[in-house]
Every structure is written in structure tokens, then in C-alpha cells.
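Novice: I would like to see how this sequence folds:
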Amino acid sequence: MDYALMARDLAAHIRNAVRPLLGTPGARNITGTAVSGDATFSIDDIAEHAVVRFIEDNNLDVAVYTEDEGLKEFGRPKATLIIDPIDGTRPAAAGFESCVVSVAVAEYGPTAHMRNVIAGCIYEIKRDRVFMAERNSGVRVIKNGKPMDAHPSKITDISHAAWTAEVAGRPIEKTATVLRDAMAASSITGGFFVLNSTAYSLSMLITGQLSAVVDVAGRLLRHKPGIRDDFLKAANGSVIGLFPYDFAAAAFIAQQAGCVVTDAWGKSLDEVDLLDSSEGNIQSIIAASTPELHTKFLEMIDDGFRRL
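Specialist: Numbering: from 1, shown residues only. Reported below is the predicted structural model:
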């Protein structure tokens, strides 16, 4: 089976189900809480139902892990799908572009780690652009039905880098303390953005629109025990951060495109458990289009944590 194409077809099905709701008042209704502790919106519910419909209609033998429903098995699984039906629910509810469907395909087994991912797809919801990759087979980018080249930027200096960091549910003051030098260095001659979708941001590395993506949540949580209270205040009583389903597909695709992707300590993400959305598995990420830029971000973030 061509797992990248299967992931694309599933992502397209989810996209078609939720796209009419972008920017509508009904999309903003909060209907519950995901297994991760994040809020579930009505548009998330529709996306989750679309996942099940596609799998049942196509008689797929897969295990499926989603943000809201956790792990389920269908038939006799031959692969495990890690799905974020809408990465960027808040931008989707506002009708912005930074929202995608994310589908990663991992080898089936009792566990699924980042090293087990064999294919992935990111499908933009508002625009008809899709990113696909299979292990050791390169990256395919298709826009409006036409192939595009993957061309990550060659930027090596933070001062000229366009980049994004995630802040939703993170302690803003402490996050800014860690990232302030990078923000200051790039704000005029590069660009710093908050897009509220890790998968969308990572896919922009492949097009060269961004040069780096950063999230220090996981490292912050482990920096000092008292910081957890700051997370609780920032997310209205929950501890929210970067969960594996947020990046499973997009980080894989970015790596297949030649980008450097690690955690915020500079360590490999290979052993990250993709089926665990508990507080203890909140992650961090530094992704950059070049090794030189990755090294400079890591150095600035290390400095920021010493300052913190």
C-alpha cells in the first residue's frame, strides 16, 4: 500500500468535512476537553467523525490515535495512524490560513515512536496545498493539483530568519525570556510570527516561507518544578504544550526535505512516544532549514534558559 497516498486521501476527506466551517460562529463552540487537556471545539468533533467514516467506508485495517479520542483499532491493524484532524483549531475557527489536517503513518506495534513513522501528509484546510513524504523517498508538494518543488531556505543567520514559536497555553513571560534574543535579532530583518499551528509552521519550512520553528514548552516544564503553576495559570487550569500528534507528520516530512529537527536540548525526537498525550510527554522542538541556523537557535535558547 502507498501509505502516503492513503494518508493524503484521509486528510482530504477530513478537510472536505471541516472546510465549510472555517471562520463560522458555530466552529467556536467548546464541546469538551481532549485527552491532552486542550479544549475541544465543535469543528474538532466534525473532524473526528470524518476520520471514523473514512476508515470504515474504506475497510482500513489500522490503529488510529487522535487528539480527542485516543487510540482505537479497526480490523486487523497493519499500520498505526497518528492524526491531528485539525492542527490549528483556533486559526480555523477564525478563518485564518494556519490550520491543517495532519496524518502520520507508523509501523504497527504495541508502541509507536517517532522513529517508526514511515509516511506522512499535511493538508492545508483553507488552501489546496498538500505535503506528502515516505521514508527515504523525498517530499511531494502539490498545490491546486500541480506539483511544486520543495525548497527549504538556505538562511544560516537568525537575523535574516523568518520563524515562529508557539505560545498558546505557555507562560508568556518565561517563554519570552528564553526567546527574547532570537526575537530581537530577527524582528526587523527577518520575521517572528505566532501562527498557533505547529504542523502548519513546519510545513512552511518545506516551501522556504519560514526558516525555523521553535517550541520550548517541554523544556520549560522540566526547567524548574515551580514553573508548572505558571502553565496552569496560562491554560486556565490545564497543562498544555507540544504533544507528539502536533508534529508527528510534519516533523517527519520536514526531515525528509533535509531540515534539522530536534527537541529544545538539541536531542533526537526518535524515541518520542507518539501515543502518549499525558503531561509527562509534553515535548519541545527546534526545527531549522539549515544545520547552521539550528545551531544558532540552540545556542540562543541555551542562553535564554541560563538567564531564566
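Novice: Just the C-alphas of stretch 151-171, formatted as CSV.
Specialist: Coordinates of each C-alpha in stretch 151-171 appear next as CSV, following Å, rounded to 0.1, in the frame of the first residue of the first chain:
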residue,chain,number,x,y,z
HIS,A,151,12.9,24.3,-1.5
PRO,A,152,13.8,25.0,2.2
SER,A,153,15.5,28.3,2.7
LYS,A,154,19.3,28.4,2.9
ILE,A,155,19.3,31.0,5.7
THR,A,156,22.1,30.5,8.2
ASP,A,157,21.8,33.6,10.4
ILE,A,158,19.0,34.3,12.8
SER,A,159,18.9,38.0,11.9
HIS,A,160,17.6,37.1,8.4
ALA,A,161,15.3,34.2,9.5
ALA,A,162,11.6,34.1,9.4
TRP,A,163,10.5,31.9,12.2
THR,A,164,7.6,31.0,14.5
ALA,A,165,7.2,30.0,18.2
GLU,A,166,4.2,28.6,19.9
VAL,A,167,2.8,30.5,22.9
ALA,A,168,-0.8,29.1,23.4
GLY,A,169,-1.1,27.8,26.9
ARG,A,170,2.5,28.6,27.7
PRO,A,171,3.7,31.1,30.3
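Novice: Now do the buried residues in that stretch.
Specialist: 152-153, 155-156, 158, 161-167, 169-171 (16 or more other C-beta atoms under 10 Å). Heads up, the C-betas are built off the backbone N, CA and C, glycines and all.
Novice: Check stretch 255-262 too.
Specialist: Here stretch 255-262 shows 255-257, 259-262 as buried, counting by 16+ other C-beta under 10 Å.
Novice: OK, contacts around Leu308?
Specialist: For Leu308, the contact set (C-beta atoms under 8 Å, 6 or more residues apart in numbering) comprises 174, 177-178, 223.
Novice: that older thread, rebuild the buried residues of stretch 255-262 as TSV, extending it with secondary structure and pLDDT.
Specialist: Listed next are those as TSV, based on DSSP: H, G, I helix; E, B strand; the rest coil; pLDDT from 0 to 100:
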residue	secondary structure	pLDDT
Gln255	helix	98
Gln256	helix	97
Ala257	coil	97
Cys259	coil	98
Val260	strand	98
Val261	strand	98
Thr262	strand	98
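Novice: Give me the neighbour count for Asp303.
Specialist: Per other C-beta atoms under 10 Å, the neighbour tally for Asp303 reads 14.
Novice: Now the one helix or strand it maps to: average pLDDT?
Specialist: Assessed by DSSP states H and E, Asp303 sits inside helix 291-307. For helix 291-307, mean pLDDT is 98.
Novice: helices and strands around that helix, which ones?
Specialist: If contacts are counted by 3 or more C-beta pairs under 8 Å, 6 or more residues apart in numbering; DSSP states H and E, helix 291-307 sits against helix 172-186, strand 212-215, helix 217-223, strand 260-262, strand 285-288.
Novice: What's the first helix or strand after the longest one?
Specialist: I take that to be helix 172-186. As assigned by DSSP H and E, the chain's next helix or strand after helix 172-186 is strand 191-193.
Novice: what ranges do the helices span in this structure?
Specialist: Under the criterion DSSP state H, the chain carries helices at the ranges 3-18, 42-57, 89-94, 172-186, 198-207, 217-223, 227-234, 244-256, 291-307.
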